[in-house]
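*Asks:* Quick check, what structure comes out for this input:
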Amino acid sequence: MFNYSEKIKNLILKFYTFIIDYLPKYSTSEKYWNENLVDTPLSGFKNINESIDHLKWRNIQYLNSMNILNLKQYDNKVILDFGCGPGNDIVNICSNSKPKKMLAFDVSRKAISLARKRAKLHNFNVEFLEGSEKKLIIPNSDRSIDIIHSMGVLHHIENISDVFKEFRRVLSKNGFIQAMVYNRDSIWYHLHVAYEVKIKRGLWPNKSLDYIFSKTVDGFKCPVAFCYSQNEFSSLCKRNGFSCELLGISTSLFEMEKLKFLWEALRHKKLNQKSREFLQNLSFSINGEPIYEKKIAGINSYYKLKKI
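*Replies:* Residues are numbered from 1 along each chain as shown. Here you go, the predicted structure:
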């Protein structure tokens with residue numbers, strides 16, 4: 001194996017990111033997620049221990065995420081995992097709570113196939129629902145679902161109003177949504193994207209931070225990846241008939257690693273003013289997690305939504 005220097009690797013990466021914008025794009029998110037599954041072997045898992053070990057590894061990548069979610073409240077409820085992917089959250093939910101009924105929805109046929117195999121491996125009773133991105137309809141009756149669980153999905157949806165409309169229809173009277181969306185006020189956005197990717201590596205120098213962010217979180221070719229500040233997401237929810245409560249924010253271990261660039265970034269003249277102010281105003285918890293305006297400055301923000 002060749003031992004490339006950091007400079008040569010950056011040159012290769014610059015060339016790749018230059019041509020990637022001119023290559024054919026995925027026409028739909030559906031096609032993208034059929035070919036790009038999150039942190040899961042395409043061959044599936046050989047046994048339960050292997051599946052559980054993978055789940056534990058995923059959970060520790062995001063500090064305190066399990067405490068924020070409180071899955072015990074899912075006991076004796078009808079749960080819909082919206083955007084179930086290859087089944088990571090199905091295993092998480094069914095291993096940490098006892099739902100009355102477990103439903104799982106996705107637009108990716110490949111993801112559902114893997115999730116079904118994984119649920120069968122664990123002997124979890126799950127009803128799988130395959131949908132279409134073009135006409136996103138949840139095939140359930142009105143007010144039939146107690147909790148919609150959606151981790152890392154809503155920020156990948158362009159026409160989110162259609163999804164919220166379906167959520168309002170299927171949620172029971174006292175039902176609610178637990179959702180994770182990408183957080184703009186994060187180390188990922190203001191340090192990794194604004195400094196390390198755009199300035200230090202020189203990638204996409206003429207593109208906006210939102211554009212670069214979308215290329216760094218779930219692959220260069222991911223067709224849609226938004227991020228939201230708390231105010232932005234709350235306003236979006238309110239426009240679509242939901243109240244929005246911030247449950248907590250989780251920092252990824254990837255972001256913790258990127259903190260090594262903090263002082264280097266602040267010294268650089270080309271760092272944009274908004275990111276500079278964000279980084280200058282960081283404080284740190286007793287555990288070393290970055291804090292901005294009294295909130296954890298991590299990429300994953302968790303919300304509880306209720307119908308207004």
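
*Asks:* CA only for contacts and neighbour counts going forward, please
*Replies:* Noted.

*Asks:* What segments of the chain are strands?
*Replies:* 78-82, 101-106, 126-130, 145-151, 171-182, 242-250, 283-284, 290-292, 295-296, 300-307 (DSSP state E).

*Asks:* closest to Lys274 out of these?
*Replies:* strand 290-292 (12.9 Å; CA to CA).

*Asks:* burial count for the nearest residue in space to Tyr26 that is not next to it in sequence?
*Replies:* Leaving aside its sequence neighbours, Tyr26 sits nearest to Tyr32 (CA to CA, 6 or more residues apart in numbering; 6.1 Å). Look at Tyr32: counted by other CA atoms under 10 Å, it has 17 neighbours.

*Asks:* list the contacts for Tyr32?
*Replies:* Tyr26, Lys221, Cys222, Pro223 (CA atoms under 8 Å, 6 or more residues apart in numbering).

*Asks:* Buried residues, stretch 274-284. List them.
*Replies:* Residues of stretch 274-284 classed as buried: Ser275, Arg276, Phe278, Leu279, Leu282, Ser283 (neighbour count, 16 or more other CA atoms under 10 Å).

*Asks:* picking up where we left off before, rebuild the strands of the chain as CSV, extending it with distance to His54 and mean pLDDT.
*Replies:* Below are those laid out as CSV (distance: least, CA to CA, whole Å; pLDDT from 0 to 100):
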stretch, distance to His54, mean pLDDT
strand 78-82, 19, 98
strand 101-106, 20, 96
strand 126-130, 20, 95
strand 145-151, 17, 97
strand 171-182, 20, 97
strand 242-250, 19, 98
strand 283-284, 29, 98
strand 290-292, 26, 98
strand 295-296, 25, 98
strand 300-307, 19, 98
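
*Asks:* Output those strands as TSV; include the columns distance to Ala115.
*Replies:* Formatted as TSV, the strands of the chain follow (distance: least, CA to CA, whole Å):
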stretch	distance to Ala115
strand 78-82	11
strand 101-106	9
strand 126-130	9
strand 145-151	15
strand 171-182	19
strand 242-250	25
strand 283-284	38
strand 290-292	34
strand 295-296	31
strand 300-307	23
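
*Asks:* Relative to Ile212, which of those is closest?
*Replies:* Nearest of those (CA to CA): strand 171-182, 13.8 Å.

*Asks:* Just give me the neighbour total for Arg143.
*Replies:* Arg143 - counted by other CA under 10 Å - has 15 other residues nearby.

*Asks:* Kindly report the same for the one 5 residues further on.
*Replies:* With neighbours defined by other CA under 10 Å, the count for Ile148 comes to 23.

*Asks:* Would you mind confirming that it is in contact with Cys84?
*Replies:* No. With contact defined as CA atoms under 8 Å, Ile148 does not count as touching Cys84 (11.0 Å).

*Asks:* mind listing what the nearest residue to Asn174 once chain neighbours are set aside touches?
*Replies:* Excluding its sequence neighbours, the residue lying closest to Asn174 (CA to CA, 6+ apart) is Asp146, at 7.2 Å. Asp146 sits next to Lys77, Val78, Ile79, Leu171, Ser172, Asn174, Gly175, Phe176 when contact means CA under 8 Å, 6+ apart.

*Asks:* For the fourth one, name its beta-bridge partners.
*Replies:* For Leu171, the beta-bridge partners are Ile145 (DSSP bridges).

*Asks:* The third one too?
*Replies:* Ile79 has these beta-bridge partners by DSSP bridges: Met102, Ile147.

*Asks:* was I right about it contacting Lys98?
*Replies:* No. Distance between Ile79 and Lys98: 10.1 Å, which falls outside the contact criterion (CA under 8 Å).

*Asks:* Please identify which of the two sits among more neighbours.
*Replies:* Between Ile79 and Lys98, Ile79 has the larger neighbour count (other CA under 10 Å), namely 25 against 17.

*Asks:* Could you list which residues are in contact with that one?
*Replies:* Counting by CA under 8 Å, 6+ apart, the residues that Ile79 touches are Pro99, Lys100, Lys101, Met102, Leu103, Ile145, Asp146, Ile147, Ile148, His149.
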